[in-house]
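1. For reference, the sequence and a predicted model appear below.
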Amino acid sequence: DIQMTQSPSLLSASVGDRVTLNCKASQNIYKNLAWYQQKLGEAPKLLIYNANSLQTGIPSRFSGSGSGTDFTLTISSLQPEDVATYFCQQYYSGLTFGSGTKLEIK
Amino acid sequence: EVQLVESGGGLVQPGRSLKLSCVASGFTFSNYGMNWIRQAPGKGLEWVAYISSGSSYIYYAETVKGRFTISRDNAKNTLYLQMTSLRSEDTALYYCARQDNYFDYWGQGVMVTVSS
């Protein structure tokens, strides 16, 4: 099974900061990676698929990059409404999620 | 507008059964693969099961294989999850979600609590 490791588990940043969240796969998954945002009490929302494709309706401050085993979700200018937990998910072999990064405002 | 509405959750004793439903609207249900994904309280996400658009392909997580059955009725725009031999570790919020590989729309979830 492919394991997904996210870091850090908790991230505190200020409004307007550029924020980077990391996701590492235990083996090569090419670009078969998605990112989700889950706000408290809500269902997850798809942000990015195929590692760097922005889902329709998602603000352009969100971007994804990477391929192979190392991936990044970047928020170019953190907004208060971005407080959430972010999950990565691979779909190269089976379907597995990372354990999440909780993002809070400093 | 795409909508997915789950129902059928509740409190159930270990070893008993429960059947979840997910009614879809706002898109052509019969064109899409569908999934069940769960989230234990305060925990991360775990994919549970997948069914292809025409029910030809069905896959399960190892943790539920042999106990859970996913099915769908395209005439009723409804996805199902029959859960048997429930265990305490099955306690979670169960989401239905659209798509084959990544999940572009999710329901709000239905809570299943397995406890004596």
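-> Received the coordinates, thanks.
2. Go through stretch B:22-41 and flag the buried ones.
-> B:22, B:23, B:24, B:29, B:32, B:33, B:34, B:35, B:36, B:37, B:38, B:39 (16 or more other Cβ atoms under 10 Å in any protein chain shown). Bear in mind the C-beta positions are built from the backbone N, C-alpha and C, glycine included.
3. And for stretch B:51-63?
-> So stretch B:51-63, judged by 16+ other Cβ under 10 Å, has buried residues B:51, B:53, B:59, B:60, B:61.
4. of all the residues you listed, which two lie farthest apart?
-> Spanning the widest gap among these are B:53 and B:61, at 20.2 Å by Cβ to Cβ.
5. The residue most central in space within chain B sits in which helix or strand?
-> Residue closest to the average C-alpha location in chain B (Cα atoms, centre = their mean): residue B:36, at 3.1 Å. According to DSSP states H and E, residue B:36 maps onto strand B:34-39.
6. I'd say residue B:70 and residue B:49 touch.
-> Yes. Assessed by Cβ atoms under 8 Å, residue B:70 is found in contact with residue B:49 at 4.0 Å.
7. Give me the common contacts of these two.
-> Both residue B:70 and residue B:49 are in contact with B:36, B:58, B:60, B:81, where contact means Cβ atoms under 8 Å, 6 or more residues apart in numbering or on different chains.
8. ok, back up a step: what packs against the strand holding residue B:36?
-> Counting contacts by 3 or more Cβ pairs under 8 Å, 6 or more residues apart in numbering or on different chains; DSSP states H and E, strand B:34-39 packs against strand B:18-25, strand B:45-51, strand B:68-73, strand B:78-83, strand B:92-98.
9. Low-confidence ranges, chain B, go.
-> By pLDDT under 70, chain B contains no weakly predicted segment.
10. Show me which residues of it are close to chain A?
-> Contact residues, chain B versus chain A (Cβ under 8 Å from any Cβ of the partner chain): B:35, B:44-47, B:50, B:95, B:101-109.
11. switch the cut-off to 7 Å
-> Contact residues, chain B versus chain A (Cβ under 7 Å from any Cβ of the partner chain): B:44, B:45, B:47, B:95, B:101, B:102, B:103, B:104, B:106, B:107, B:108, B:109.
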